[in-house]
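Enquirer: with the sequence up front, the predicted model follows.
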Amino acid sequence: MITINALLIGAGIILIASFVQGLTSFGFALIALPLLSLLLPIQRVVPMIVILSMLICLLVLCSVYKDTNIRKIGLLIIASVVMAPVGTLFLLIISGSTLKIITGILITLFAVFLMSGRIIPIANEKVAYVLAGAISGLLSGSISVSGPPMALMLSNQGMSKQMFRANLALVGVILNGVTIITFVYSGLIDQEMSLYLGWMLPVMLIGTWIGVKAVKYLNEQKFKKYSLGLIILSGIWTLLAGLGVI
């Protein structure tokens, strides 16, 4: 049963994560997953984050859909959709502590790489899109963090900011939608979770709206670095929790 404390603290986490997402266009799952998994079983947290992430992507897509290029990212979408059910299988069969360890390691590595701003030279674009899509699908179904591989791939291709956001949002809507279907089929979404989501949805919308408005008043690049620092700390904390150190 989800307690009042888990509800209130969870709302605070969702507010912060959605604020960062609204301000920087990334970071919702990277922040929300490790922190919420300290309050609730990770098998409950992952479906919640995927559903909320899809809604955020849908909101973004509504404003930038004209900049999408589905022909360019078609292979990425197909590969991610094919691998999402495999990720859900991992979520069902791998223990909570092991998932926390995997989550902590991957989130910390992703954040460190994003903070470095490095570009990966790509020899074969089609193979790279398939690989990035497959990894994103696996991560979406298992730990809800599908964004970093896609973001790294798209940023490597030198897309404009609007096209980058539009394509990332499009993949997010499709991939998260398919992942949610696999969660429903696997019995991971129940009435209690639906009730919890009902409380979190307005909090997410408020946080995202505040973040979008704050773009005018805050230094986006500087705030992004601070956010990545927070993500690294939360990733390490989740890793230690999975190891039973804390």
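Expert: Looks like it came in fine. Residues are numbered from 1 along each chain as shown.
Enquirer: tell me the secondary structure at the residue of the chain most remote from its centre.
Expert: Most distant residue from the mean C-alpha position of the chain: A123, 27.1 Å away (C-alpha atoms, centre = their mean). Here A123 is coil, with the state taken from DSSP: H, G, I helix; E, B strand; the rest coil.
Enquirer: gap between the two ends of stretch 119-128?
Expert: Start and end residues of stretch 119-128 are separated by 13 Å (C-alpha to C-alpha, to the nearest Å).
Enquirer: re the thing from before, any idea of the pLDDT on the residue farthest from the centre of the chain?
Expert: Confidence at A123, expressed as pLDDT, is 73.
Enquirer: contacting residues around it?
Expert: With C-beta atoms under 8 Å, 6 or more residues apart in numbering as the criterion, no residue contacts A123. Bear in mind the C-beta positions are built from the backbone N, C-alpha and C, glycine included.
Enquirer: where's it relative to G117, distance?
Expert: 21 Å (C-beta to C-beta, to the nearest Å).
Enquirer: next one: N156
Expert: Counting by C-beta to C-beta, the gap from N156 to G117 is 11 Å.
Enquirer: can you check K222 too?
Expert: From K222 to G117 the distance is 14 Å (C-beta to C-beta).
Enquirer: quick check: which element contains the most centrally placed residue in the chain?
Expert: Residue closest to the average C-alpha location in the chain (C-alpha atoms, centre = their mean): A29, at 3.4 Å. Element membership of A29 [criterion: DSSP states H and E] is helix 28-36.
Enquirer: list the contacts of that helix.
Expert: Residues contacting helix 28-36 (C-beta under 8 Å, 6+ apart): 10, 13-14, 16-18, 20-21, 42, 45-46, 48-49, 52-53, 56, 103-104, 107, 110-111, 143-148, 227, 230-231, 234-235, 237-238.
Enquirer: and the helix or strand Y226 falls within, what's buried?
Expert: According to DSSP H and E, Y226 maps onto helix 220-243. Residues of helix 220-243 classed as buried under the neighbour-count rule (16 or more other C-beta atoms under 10 Å) are 223-224, 227-228, 230-232, 234-239, 241-242.
Enquirer: how about stretch 91-110?
Expert: In stretch 91-110, counting by 16+ other C-beta under 10 Å, buried: 91, 94, 96, 99-104, 106-108, 110.
Enquirer: in strands, which of those residues appear?
Expert: Taking DSSP state E, every one of those sits outside strands.
Enquirer: of the residues you listed, closest to I189?
Expert: L91 (12.1 Å; C-beta to C-beta).
Enquirer: that closest one: what's it in contact with?
Expert: L91 touches 43, 46, 99, 141-143, 188, counting by C-beta under 8 Å, 6+ apart.
Enquirer: surely M48 meets M200?
Expert: Yes: in terms of C-beta atoms under 8 Å, M48 counts as a neighbour of M200; the distance is 7.0 Å.
Enquirer: tell me which helix or strand comes right after the longest helix that the chain contains.
Expert: Taking DSSP state H as the criterion, the chain has its longest helix at helix 161-186. Later in the chain than helix 161-186, the nearest helix or strand by DSSP H and E is helix 191-214.
Enquirer: and the contacts of that next one?
Expert: 1-2, 7, 10-11, 14-24, 44, 47-48, 51-52, 55-56, 59.
Enquirer: just stretch 169-184 next, same as before
Expert: By C-beta under 8 Å, 6+ apart, stretch 169-184 touches 47, 50-51, 53-54, 56-58, 60-61, 64-65, 68, 70, 73, 76-77, 80-81, 84-85, 87-88, 133, 136-137, 140-141, 146-147, 150, 189.
Enquirer: now those: which count as buried?
Expert: 47, 50-51, 53-54, 56-57, 60-61, 64, 68, 73, 76-77, 80-81, 84-85, 87-88, 133, 136-137, 140-141, 146-147, 150, 189.
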